[in-house]
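K.L.:
missing the sequence, but the structure's below:
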Ligand SMILES: [Zn+2]
Ligand SMILES: [Zn+2]
């Protein structure tokens with residue numbers, strides 16, 4: 001039997017769609033965070049989105065990030081600590097843009113691939129959007145417990161790609 005060497009090098013679907021989400025994230029003009037997401041129905045790509053300011057409005061590269069400071073509860077070694085964190089609120093998150101630019105009927109039973117684990121607000125919206133699976137890569141510990149719990153309640157598959165390596169061209173240094 002002859003095995004096609006191209007077959008072993010061929011990307012699985014998870015890698016394929018996550019690569020696309022990462023390439024989409026390079027469109028983001030936020031100086032702090034580049035997030036990309038794609039909507040997939042079966043094996044079909046139905047939409048792509050990244051975090052950005054509303055169309056026709058100055059984005060982070062033109063107007064700078066719109067920074068807010070928030071106190072965040074962090075638990076390290078069993079000790080609770082309030083830590084001051086900065087966040088850019090100029091952009092509409094990638095997952096929210098994805099919902100704005102896709103149709104409800106297309107989303108029923110679909111999968112969202114997103115470079116970063118969704119924040120609470122995005123997760124809450126995705127939970128009501130008709131999708132039934134979320135696949136992410138980078139973790140976002142701040143909202144993780146709440147989000148995992150919500151997905152369990154909704155029966156939405158929620159998984160991370162542990163061994164995934166993003167494409168070189170999509171690795172952009174941003175402030176964390
Ligand atoms: Zn920004
Ligand atoms: Zn979000």
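P.N.:
Structure's in. What do you need? Note that the coordinates shown come from a computational prediction; the quantities given were computed from them, not determined experimentally. Ligands and ions are numbered 1, 2, ... in the order given.
K.L.:
For the rest of this, base every contact and every neighbour count on C-alpha atoms.
P.N.:
Fine.
K.L.:
Without its sequence neighbours, what residue ends up closest to the residue positioned nearest the centre of the chain?
P.N.:
Nearest to the geometric centre of the chain sits residue 114, at 3.1 Å (Cα atoms, centre = their mean). Nearest residue to residue 114, sequence neighbours excluded (Cα to Cα, 6 or more residues apart in numbering): residue 37, at 4.2 Å.
K.L.:
Need the residues that contact the host helix or strand of the residue nearest to the centre of the chain.
P.N.:
Element membership for residue 114, per DSSP states H and E: strand 111-116. Applying Cα atoms under 8 Å, 6 or more residues apart in numbering, the contact partners of strand 111-116 are 17-18, 21-22, 25, 35-41, 95, 131-140.
K.L.:
what number of residues lie near residue 141?
P.N.:
13 (other Cα atoms under 10 Å).
K.L.:
Could you pull up the mean pLDDT of the helix or strand harbouring residue 16?
P.N.:
Element membership of residue 16 [criterion: DSSP H and E] is helix 13-25. Taken as a whole, helix 13-25 carries a mean pLDDT of 97.
K.L.:
now swap in stretch 74-89 and tell me
P.N.:
Mean pLDDT, stretch 74-89: 88.
K.L.:
Outside of that stretch itself, list whatever touches it.
P.N.:
Contacts for stretch 74-89 (Cα under 8 Å, 6+ apart): 32, 65-73, 142.
K.L.:
Just the buried subset of those residues, written out for ChimeraX, thanks.
P.N.:
Per 16 or more other Cα atoms under 10 Å, the buried members of those correspond to this ChimeraX selection:
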select :32,65
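K.L.:
Would you format the contacts of stretch 74-89 as JSON lines with secondary structure and distance to residue 87 included?
P.N.:
Shown next, in JSON lines, are those (DSSP: H, G, I helix; E, B strand; the rest coil; distance: Cα to Cα, whole Å):
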{"residue": "32", "secondary structure": "coil", "distance to residue 87": "8"}
{"residue": "65", "secondary structure": "coil", "distance to residue 87": "9"}
{"residue": "66", "secondary structure": "coil", "distance to residue 87": "8"}
{"residue": "67", "secondary structure": "strand", "distance to residue 87": "5"}
{"residue": "68", "secondary structure": "strand", "distance to residue 87": "5"}
{"residue": "69", "secondary structure": "strand", "distance to residue 87": "6"}
{"residue": "70", "secondary structure": "strand", "distance to residue 87": "8"}
{"residue": "71", "secondary structure": "strand", "distance to residue 87": "11"}
{"residue": "72", "secondary structure": "strand", "distance to residue 87": "11"}
{"residue": "73", "secondary structure": "strand", "distance to residue 87": "15"}
{"residue": "142", "secondary structure": "helix", "distance to residue 87": "12"}
